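> sequence first, predicted coordinates after that:
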Amino acid sequence: MSAFTPRDPDWEQRIRKVFALQGMMGHLGIAIESLAPGIAVLTAPIRPEISQQHGFAHAGLAFSAGDTAAGIAAQSLMAPGFGVLTIEMKINLLAPARGQAIRATGRVERAGRTVTVVRSDVVALDQAGAETPIATMLGTMAVMGGMD
Amino acid sequence: MTLDSPAPGFAPAPPAFTPRDPDWEARARALFEVQNMMRLLGYRLETLRPGAADLSAPVGEATRQQLGAAHAAMAFAGGDTAAGIAAATMLAPGDSVVTLEMKTNFLAPVNGARVLARGRVERAGRSVVVVRAEVDSIDADGVATRAAIMLGTMAVIRPRA
């Protein structure tokens, strides 16, 4: 259950539109699993094309899914005409991304007028669906006007 | 001001790195070649020297975000990998390296035609390597705009004796 109240009644439709405009998401196979005000859950398969030298998913996949989940979570609380851009993001990589897929859960920590503080937690999922935390992220999003 | 030219009389000269492995260059190139993610994003290894690696990629439809610039993950993946390859140039034979943590400040969108990611070793320790990276957006005239700065920690993975 989300503690946030969206400022835009069409928040979910807007988010799905913003997500569809991100060519990078399709390129990496990242999809929306669920949305709530201030929370976004994304998933992506671990495919050979995104592997690094040890055969695990590259850190860029966790970053991409985590950053976008956090951005969408922030976007869900924006008034009409406002959008967000990541201005800084710290990622701690906790374990190799191995298994079937990853799941990134982005959450708003604080939605301010000019700055939104976000976090993301990324887990790897094995064949049985068991979760292993692989990354934790904390970041800052700038609120931008004029973004219809 | 670039990564390799500290302000005269202000910052120390960049450290000169002496590789621990005579095969450092071939190993670092091989490490880049096995990064499938780099191929997917279009990155190439441009230059390599001890403690330094530069990568670049074209900015295309497949890697854009909702406003038409390259997605932040394009900058992150390039900068992180450039830093990782730079770290790999300083490893002892048999060792490998993985990213433990990385902080990225995004300064401007990558609106240009290409992205240039430069990774540098700050300190190459026995078990930890401190790295940084700078990512520039390069426009059609070759003018660079700093898009991201990154600072991170890599763990040295040593095979058990």
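Received it, and whenever you're ready, just let me know what you need. Because the structure is predicted, anything quoted here is derived from the model rather than measured.
> can you give me the strands in chain A?
Ranges of strands in chain A, per DSSP state E, are A:31-36, A:39-45, A:83-93, A:101-111, A:115-125, A:131-144.
> with mean neighbour count, mean pLDDT and distance to chain B as extra columns, can I get these in a markdown table?
No exception for glycine: its C-beta is placed from N, CA and C like everyone else's. Written out in a markdown table, the entries for the strands of chain A read as follows (neighbours: other C-beta atoms under 10 Å in any protein chain shown; pLDDT from 0 to 100; distance: least, C-beta to the nearest C-beta, whole Å):
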| stretch | mean neighbour count | mean pLDDT | distance to chain B |
| --- | --- | --- | --- |
| strand A:31-36 | 15 | 97 | 14 |
| strand A:39-45 | 21 | 97 | 11 |
| strand A:83-93 | 21 | 95 | 4 |
| strand A:101-111 | 21 | 96 | 11 |
| strand A:115-125 | 21 | 97 | 12 |
| strand A:131-144 | 19 | 96 | 9 |
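> in TSV: the ones you listed, plus distance to A:Ala65.
Listed next are those as TSV, based on distance: least, C-beta to C-beta, whole Å:
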stretch	distance to A:Ala65
strand A:31-36	10
strand A:39-45	5
strand A:83-93	11
strand A:101-111	4
strand A:115-125	6
strand A:131-144	9
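> out of those strands, flag the one nearest B:Leu67.
Proximity of the strands of chain A to B:Leu67 was assessed by C-beta to C-beta; the nearest stretch is strand A:83-93, lying at 8.0 Å.
> which SS state does B:Thr18 fall under?
For B:Thr18, the secondary structure call by DSSP: H, G, I helix; E, B strand; the rest coil comes out as coil.
> so how many other residues sit close to it?
Using other C-beta atoms under 10 Å in any protein chain shown, B:Thr18 has 10 other residues around it.
> OK, contacts around it?
Residues in contact with B:Thr18, defined by C-beta atoms under 8 Å, 6 or more residues apart in numbering or on different chains, are B:Pro50.
> and if we set it to 10 Å?
Applying C-beta atoms under 10 Å, 6 or more residues apart in numbering or on different chains, one finds that B:Thr18 lies in contact with B:24, B:50-51, B:90, B:124.
> okay, the residues you listed in JSON lines with secondary structure next?
Below are the contacts of B:Thr18 laid out as JSON lines (three-state DSSP):
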{"residue": "B:Trp24", "secondary structure": "helix"}
{"residue": "B:Pro50", "secondary structure": "coil"}
{"residue": "B:Gly51", "secondary structure": "coil"}
{"residue": "B:Met90", "secondary structure": "coil"}
{"residue": "B:Ala124", "secondary structure": "strand"}
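> tabulate the residues you listed (a markdown table), appending neighbour count and distance to chain A.
As requested, the contacts of B:Thr18 are exported to a markdown table (neighbours: other C-beta atoms under 10 Å in any protein chain shown; distance: C-beta to the nearest C-beta, whole Å):
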| residue | neighbour count | distance to chain A |
| --- | --- | --- |
| B:Trp24 | 22 | 15 |
| B:Pro50 | 18 | 19 |
| B:Gly51 | 24 | 19 |
| B:Met90 | 25 | 16 |
| B:Ala124 | 25 | 18 |
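> any regions of chain B where pLDDT drops low?
Counting by pLDDT under 70, chain B has low-confidence residues at B:1-15.
> ok, 50 please
Across chain B, the ranges flagged by pLDDT under 50 are B:1.
> just the strands in it please.
For chain B, the strands identified by DSSP E occupy B:44-49, B:52-58, B:96-106, B:114-124, B:128-138, B:144-157, in order along the chain.
> now do the contacts for the closest residue to A:Leu94 other than its chain neighbours.
Of all residues beyond its chain neighbours, the one nearest A:Leu94 is A:Pro133 (5.2 Å), with distances taken as C-beta to C-beta, 6 or more residues apart in numbering or on different chains. Under the criterion of C-beta under 10 Å, 6+ apart, the contact list for A:Pro133 reads A:92, A:94-95, A:121-124.
> I am finished for the moment; much appreciated.
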